[in-house]
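> Provided below for reference: sequence and predicted model.
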Amino acid sequence: MPMPLKEPPRSFRARWAAMKNIPPFLRLVWKAAPALTLASMILRLIRAVIPVTSLWIGKLIIDEVIRLVALDGPENLTAWFTGGQANHLMILVAAEFGLAILSDGLARLVSLIDALLAERLTISLTMDLMEHAAELDLEDFEDAVFQDKLDRARRQAAGRMSLMGLIFQQLQDMLTVLTFAGGLIAYNPWLVVLLLLTLIPAFLGEAHFNAKNYNLDHGRTPERRELDYIRQVAAQPDTAKEVKIFNLHAFLAERYRTLSEKFYRERRQIARSRAFWGVIFTAIGTLGYYTAYLWIVGATLAGALSIGDLTFLAGSFQRLRSLLNGLLTSFSTTAAQALYLEDLFEFFQVEPEITSDPGAILVPATIRDGFRFEDVGFRYPGATKWAVRNLTFTLHAGETLALVGENGAGKTTLVKLLARLYDPDEGRIMLDGRDLRDYDLDSLRAAIGVIFQDFVRYSWTAADNIAVGRIEARADRPRIEAAAQSAMADQVIAKLPAGYDQMIGKRFAGGVELSGGEWQKLAIARAYMRDAQVLILDEPTAALDARAEFEVFERFKHLSTGKTAILISHRFSSVRMADRILVLENGRVEAEGTHQELMESEGRYRELFELQAAGYR
Ligand SMILES: Nc1ncnc2c1ncn2[C@@H]1O[C@H](COP(=O)(O)OP(=O)(O)OP(=O)(O)O)[C@@H](O)[C@H]1O
């Protein structure tokens with residue numbers, strides 16, 4: 001059960017401070033599609049002035065009609081139009097009609113552009129996210145707080161598109177507000193003051209409830225991730241087998257229900273008080289409107305305003321009220337969404353610790369001496385126990401070294417330190433006499449090929465599953481075939497209906513599932529595909545049958561002649577093929593030597609060897 005994040009709810013000020021994220025966000029929008037952004041802005045600018053223009057023309061029409069009526073003009077309609085007296089009126093009506101058509105056309109165009117812009121933004125944000133994630137340390141990915149951050153950032157990339165539309169709409173509405181307010185101020189500035197005063201409660205209410213919702217979402221990220229996880233466990237091909245065997249359905253459903261019920265209840269409570277206060281605040285706003293209306297009617301009766309003015313002012317006030325209302329609530333939605341943006345930018349601010357120094361040197365094309373661990377100690381982040389400590393040994397260039405030791409002895413950790421997936425907390429690792437940290441990270445990773453015990457089973461074709469070892473050579477079919485042959489994966493592929501182009505795994509249509517051992521052969525082929533100076537097989541042979549493992553290691557030994565190699569296995573029949581064996585116990589070197597030497601001394605190696613041998617007798 002994940003621990004809930006103990007982050008305090010963000011303060012009101014912090015929420016508004018999050019608005020600072022809007023300009024960088026707009027820069028992201030601009031970067032994603034400059035032409036579309038510009039087009040959307042210009043069209044919205046035009047749309048912004050249409051409402052007040054249209055209302056003003058409406059006022060002119062009414063005043064003109066009243067003037068014409070008072071003239072005591074022609075008897076019938078035709079005479080009105082043919083007499084030329086209604087010409088001005090006709091022009092006004094035509095202008096109003098033209099504006100209506102223009103407004104509709106622009107509205108459609110803007111929503112088309114915004115939809116395209118949102119798509120481009122999603123693509124661009126998701127790519128930025130993937131690129132940044134690729135630079136981060138493995139350590140970050142194992143950290144639950146980081147996972148929560150990543151989870152929220154991912155949701156931003158997909159879910160913040162509405163924010164862009166919202167901000168653009170706000171800019172447009174603000175301009176419209178200015179035009180209406182300008183009109184009102186010209187008649188009576190107090191009308192605008194009255195309007196603002198009566199809207200403030202509604203605005204504060206919205207801000208308050210939005211923040212509450214955000215805090216709920218933010219504080220519940222671990223639970224939401226657990227909900228997602230339960231949903232996955234309940235319905236994914238890799239888990240379906242165990243879920244059935246252990247009959248976990250009811251348990252999973254119950255767990256999902258309990259967790260989501262809690263969510264629902266909390267949300268419901270916020271929604272209820274929001275609805276209650278919403279009614280009261282709206283009533284205050286309505287009161288403001290009718291007070292202003294009373295003044296306008298009074299001024300018209302007193303002869304200070306024309307009937308056209310009355311309709312224009314009443315209309316302006318009404319529109320302004322709903323516009324401001326909408327704007328203020330959408331401001332608070334923007335502030336709330338800007339808080340979510342905070343998560344996105346926070347994620348982008350996470351910096352990797354394992355990087356190349358500016359003056360980093362390249363790993364030599366041929367490693368001369370090899371690697372030397374000097375009193376290396378490492379603890380996983382958050383762990384109290386040292387995974388390895390006082391670890392000292394040499395991996396000579398060109399030798400094959402086997403690592404043996406019981407579960408948890410530190411074999412995989414040693415390999416991860418060698419590949420700089422982590423840096424030691426104590427001591428140092430030297431390569432040809434220089435600290436591993438002095439080398440360029442990319443060149444170090446390129447020099448090392450590791451196949452981990454928990455290698456990834458990609459739902460791609462057989463060829464691509466091998467090509468991941470050197471993805472630049474993905475199109476080099478002969479190289480892929482040679483790698484497959486070296487790893488004995490060619491026999492597996494020969495049995496597939498579509499050979500190298502066969503989709504593997506059950507995720508996509510037409511995929512074929514492989515056995516554990518068959519998968520392992522594909523994974524081992526990646527090591528040969530990579531053709532690195534240092535080859536490491538971390539127990540990827542556990543699912544191979546005894547003969548296959550023997551053969552794999554024999555080939556490995558043969559093919560890694562002249563290369564530096566590490567192999568980790570619990571099978572002593574394979575281990576004994578190595579030039580030298582390192583016995584690890586509790587993160588330290590317990591003994592080292594050849595198979596012969598270790599068998600001759602009274603130690604853990606001989607004990608474990610004999611234990612295994614006895615099992616076969
Ligand atoms: N990602 C991790 N986070 C925290 N602790 C870890 C992590 N990986 C391993 N450990 C701990 O570090 C110690 C060494 O683990 P390591 O995986 O190196 O052992 P191993 O010798 O490879 O074991 P096995 O034979 O089971 O593969 C173990 O006690 C383990 O609990």
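Cool, the structure landed.
> In terms of helices and strands, where is Leu150?
helix 144-159 (DSSP states H and E).
> can you pull the buried residues of that helix?
For helix 144-159, burial by neighbour count (16 or more other Cβ atoms under 10 Å) applies to 146-157. Using the backbone N, CA and C atoms, a C-beta is placed for each residue, glycine as well.
> again, but for stretch 244-257
Those would be 252, 255-256, for stretch 244-257 by 16+ other Cβ under 10 Å.
> How about stretch 277-286?
277, 281, 285.
> how about the strands in the chain?
Secondary structure of the chain (DSSP state E): strands located at 370-378, 388-396, 400-404, 426-431, 434-435, 448-451, 534-538, 564-568, 580-585, 588-593.
> The first one pairs with which strands, parallel or anti?
Listed by DSSP bridges, the sheet partners of strand 370-378 and their directions read strand 388-396 (antiparallel), strand 426-431 (antiparallel).
> Now tell me what touches that strand from outside.
386-399, 413-414, 417-418, 422, 424-432, 436, 564 (Cβ atoms under 8 Å, 6 or more residues apart in numbering).
> Touching the helix holding Leu150 from outside, list them.
Contacts to helix 144-159, defined as Cβ under 8 Å, 6+ apart, come from residues 2-3, 5, 122, 125-126, 129, 133, 140-141, 218, 221-222, 224-225, 340-341, 343-344, 346-348, 350.
> let's go with 7 Å and repeat that
Contacts to helix 144-159, defined as Cβ atoms under 7 Å, 6 or more residues apart in numbering, come from residues 2, 5, 122, 125-126, 129, 140, 221-222, 225, 340-341, 343-344, 346-347.
> Same check on stretch 345-354?
Against stretch 345-354 from outside (Cβ under 7 Å, 6+ apart): 21, 24, 132, 135-137, 140, 149-150, 153, 420, 423, 441.
> can you name the two of those residues that are farthest apart?
Spatial extent of the contacts of stretch 345-354 (Cβ to Cβ) is set by the pair Asn21 and Arg420 at 33.7 Å.
> Out of the strands paired with strand 370-378, flag the one nearest the ligand.
Among the strands paired with strand 370-378, strand 388-396 comes nearest to the ligand, with 7.2 Å by Cβ to the nearest ligand atom.
> Show me which positions of the closest one end up buried.
By neighbour count with 16+ other Cβ under 10 Å, strand 388-396 contains the buried residues 388-389, 391, 393-395.
> next one: stretch 204-222
Residues of stretch 204-222 classed as buried by neighbour count (16+ other Cβ under 10 Å): 205-215, 217-222.
> Counting only helices, which of those make the cut?
Of the buried residues of stretch 204-222, the ones assigned to helices by DSSP state H are 205-215, 217-219, 221-222.
> closest to Glu64 among those residues?
Glu206 (41.3 Å).
> wait, isn't the closest one in contact with Phe331?
No: if you go by Cβ atoms under 7 Å, Glu206 and Phe331 don't touch, sitting 8.4 Å apart.
> per the record, what domains does this structure have?
Domains of the chain are assigned by automatic domain parsing as 14-349, 370-616.
> By mean pLDDT, show me the worst of those.
Between the domains of the chain, the one with the least mean pLDDT is domain 14-349; it has a mean of 85.
> Can it be said to contact the ligand?
Yes: shown here: domain 14-349 in contact with the ligand (Cβ under 6 Å from any ligand atom) through Glu142.
> just to revisit the earlier point, switch the strands paired with strand 370-378 over to a markdown table; also include distance to the ligand.
Shown next, in a markdown table, are the strands paired with strand 370-378 (distance: least, Cβ to the nearest ligand atom, whole Å):
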| stretch | distance to the ligand |
| --- | --- |
| strand 388-396 | 7 |
| strand 426-431 | 15 |
